[in-house]
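# sequence isn't available, so here's the structure alone:
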């Protein structure tokens, strides 16, 4: 049988194409498989280093010393330990990316026997950076002509590190998780509420500090406090969280700083830093807008107030206004809303009338009101929620006054600060012009049209507090007008309620000790502000393990014992202790 030469040629071409396609597929599969193998190897490195990192940190917190051997090393020492000079570049790059390139950073060799590692680590050498607690695998992992040593951004771009080791963030809260420290803050755009919550499982022997940008001296958190929250530095002071309160100048320095950061730092009994989290509060704005009355005109059917607005944060949101007094055709003045003699900040922010910024021209806006309005109150609000002083504007022959307090809701602090704003400068304003119910007036400061009065709240009491400026007590400069009555009522609660423990836990549920050794169990009581944190420690087998009043356990002989700690209201936690050879 004779095969057509043309068909023979086509068959050959088809055969060649088939072979080429097969070769391409084999190469693709080989490449993909190779990448899979490389990624798997890097994932193994990441998980091993992450595990060592966690165990080193846990050991340090528990024992108050580093699980290391040998003397401290420098960055240069670490680079010299890399035999292949070509690989030193990769190590140096990772050290820089991990923030371990400072002259104060120290490097130590991890003692693997102390941290009881899982898996095969025989012959391995890990280096720990301090104080960042970065772990470096000195063998490294070579992939595609690069060597990887740690969980640096270089490695994170290729593989996913085990969940729970990295920071997490959502649209409203930034959360940083560490072995002993969890910090949350408000990152919802520009805000005047920090929303900071600090939750730590620190040992009683540790010290917590807060460092603030713009403030030279750090502040120590009271030793009995390990969990707390605050919305501003004033709030932090009012809650008595700090051993030494911040001064007003320091608060102003922080509020006016461009880069607002707060560091939460925990140090052990040797003053060594064992935990640090940085809170970025660059979105926090505490600058108060300002309102200036430019003119005040009366027309046949309306009154017009021209207002100039100022805000150092340049994020004005709206103008708020409402009517405080009314005046009839005979110039008789009365409350516009029956019984309302002042507008507080909460009212102005939630119920007052609004003018949005579209009606504002180069910082100036005209407010048109009915002719029967005798006193108008005006305030500016920015996007962060800050409100200016509430400025009263009087169309009568009397001086208007509005009283506010910065606290929204129930006041539970020792003192209450009231702000008095008059429609014009006044003379003769003293504490004798004031009446107070459920409090004691401490002092009065100010001049011109703005004054502040501090009232000491009655200890261990609750109810309402009312401050009143009697009418006719203050005069203007030419003595042609005196003030209307003004008053403000607020809720006060200064009862010191007893806080009982809601639960207790221990630093570990299981512990292994060798005969003749000791260890300390750290207790964590919730909430942190309990009135009585007394504890009772007990061993169910004193012959095997004993425990003292500080939670220090001592292994006496082989066996097992359960150590139980109990609060004053019988909340308990237990740790099983195995004594081995």
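Arrived safely, thanks for sending. Since the structure is predicted, the reported quantities are computational estimates derived from the model, not experimental observations. Numbers count the residues shown, from 1 in each chain.
# just give the closest residue to the most centrally placed residue in the chain, not the sequence neighbours.
In the chain, the centroid-proximal residue (C-alpha atoms, centre = their mean) is residue 196; its distance is 2.9 Å. Distances taken as C-beta to C-beta, 6 or more residues apart in numbering place residue 185 nearest to residue 196, at 4.8 Å, with adjacent residues excluded. Using the backbone N, CA and C atoms, a C-beta is placed for each residue, glycine as well.
# the one you found in helix, strand or coil?
strand (DSSP: H, G, I helix; E, B strand; the rest coil).
# measure residue 216 to residue 247 for me?
11 Å (C-beta to C-beta, to the nearest Å).
# and what of residue 324?
Taking C-beta to C-beta, one finds residue 324 at 35 Å from residue 247.
# who's more crowded, residue 216 and residue 247?
residue 247 (12 against 8; other C-beta atoms under 10 Å).
# so which elements touch the longest strand along the chain?
Under DSSP state E, the strand in the chain containing the largest number of residues is strand 316-327. Contacts defined by 3 or more C-beta pairs under 8 Å, 6 or more residues apart in numbering; DSSP states H and E place strand 316-327 against strand 302-310, strand 333-335, helix 345-350, strand 353-356, strand 364-370, strand 373-382.
# which of the ones you listed sits closest to residue 421?
strand 373-382 (8.9 Å; C-beta to C-beta).
# report the inter-axis angle for that closest one versus strand 316-327.
Relative orientation of strand 373-382 versus strand 316-327 (axes from the mean of the first three to the mean of the last three C-alpha atoms, to 10 degrees): 170 degrees.
# what is the mean pLDDT for strand 373-382?
Average pLDDT, strand 373-382: 92.
# so what does the next helix or strand after that strand touch, helix or strand wise?
Downstream of strand 373-382, the first helix or strand assigned by DSSP states H and E is strand 391-394. Helices and strands touching strand 391-394, by 3+ C-beta pairs under 8 Å, 6+ apart, are strand 290-298, strand 373-382, strand 401-405, strand 415-422.
# and stretch 341-354, how far from the chain's centre?
Here stretch 341-354 is found 29 Å from its chain centre; the criterion is C-alpha atoms, centre = their mean, to the nearest Å.
# buried stuff in it?
By neighbour count with 16 or more other C-beta atoms under 10 Å, stretch 341-354 contains the buried residues 341-345, 347-348, 352.
# let me have those residues in a markdown table, extended by distance to residue 292 and pLDDT.
As requested, those are exported to a markdown table (distance: C-beta to C-beta, whole Å; pLDDT from 0 to 100):
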| residue | distance to residue 292 | pLDDT |
| --- | --- | --- |
| 341 | 24 | 91 |
| 342 | 21 | 93 |
| 343 | 19 | 92 |
| 344 | 22 | 90 |
| 345 | 19 | 89 |
| 347 | 22 | 89 |
| 348 | 17 | 90 |
| 352 | 19 | 91 |
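# count the residues that sit near residue 365.
By other C-beta under 10 Å, 21 other residues sit near residue 365.
# any idea how far it is from residue 561?
Plainly put, residue 365 is 76 Å away from residue 561 if you go by C-beta to C-beta.
# before we move on, what about residue 509?
Distance, residue 509 to residue 561, using C-beta to C-beta: 14 Å.
# between the two, which contacts overlap?
residue 576 (C-beta atoms under 8 Å, 6 or more residues apart in numbering).
# ok, those two, which is more surrounded?
More crowded of residue 509 and residue 561, by other C-beta under 10 Å: residue 561, with 23 against 10.
# tell me the secondary structure for the more buried one?
Using three-state DSSP, the structure places residue 561 in strand.
# beta partners of it?
residue 577 (DSSP bridges).
# pull up the per-residue confidence for it.
For residue 561, the model assigns a pLDDT of 95.
# check contacts around it.
For residue 561, the contact set (C-beta under 8 Å, 6+ apart) comprises 539-542, 544-545, 576-577, 579.
# please repeat the previous calculation with a cut-off of 7 Å.
Listed by C-beta atoms under 7 Å, 6 or more residues apart in numbering, the contact set of residue 561 reads 539-541, 544-545, 577.
# can you check residue 423 too?
Contact analysis of residue 423 by C-beta under 7 Å, 6+ apart lists 392-394, 399-400.
# before we move on, the earlier item: and the helices and strands packed on strand 316-327 as JSON lines, adding distance to residue 54?
JSON lines is the format used below for those (distance: least, C-beta to C-beta, whole Å):
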{"stretch": "strand 302-310", "distance to residue 54": "52"}
{"stretch": "strand 333-335", "distance to residue 54": "65"}
{"stretch": "helix 345-350", "distance to residue 54": "46"}
{"stretch": "strand 353-356", "distance to residue 54": "52"}
{"stretch": "strand 364-370", "distance to residue 54": "58"}
{"stretch": "strand 373-382", "distance to residue 54": "44"}
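# point out the most buried one among the ones you listed.
strand 373-382 (a mean of 25; mean count of other C-beta atoms under 10 Å).
# tell me the secondary structure at residue 214.
Assigned with three-state DSSP, residue 214 falls in the coil class.
# contacting residues around it?
Going by C-beta under 7 Å, 6+ apart, residue 214 touches 253-254, 257.
# check residue 260 too.
213, 254, 281-282, 284.
# roughly how far apart are the residue lying closest to residue 81 once chain neighbours are set aside and residue 92?
In this structure, residue 81 finds its nearest non-sequential neighbour in residue 138, 6.2 Å apart by C-beta to C-beta, 6+ apart. Distance of residue 138 to residue 92, computed by C-beta to C-beta: 14 Å.
# please apply the same query to residue 385.
Separation of residue 385 from residue 92 (C-beta to C-beta) stands at 47 Å.
# make sure I have this right: residue 249 is in a helix.
Yes - assigned with three-state DSSP, residue 249 falls within a helix.
# what is the burial count for residue 278?
Using other C-beta under 10 Å: residue 278 sits among 13 other residues.
# and the pLDDT for residue 159?
52.
# do the same with residue 17
Value for residue 17, per-residue pLDDT: 68.
# as a markdown table, the contacts of residue 561 with secondary structure and distance to residue 359 would be great.
Output for the contacts of residue 561, formatted as a markdown table (DSSP: H, G, I helix; E, B strand; the rest coil; distance: C-beta to C-beta, whole Å):
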| residue | secondary structure | distance to residue 359 |
| --- | --- | --- |
| 539 | strand | 75 |
| 540 | coil | 75 |
| 541 | coil | 79 |
| 544 | coil | 80 |
| 545 | strand | 76 |
| 577 | strand | 72 |
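# quick one: which of these is most hemmed in?
residue 545 (27 neighbours).
# isn't that residue right next to residue 577, touching?
Yes - counting by C-beta atoms under 7 Å, residue 545 touches residue 577, with 4.8 Å between them.
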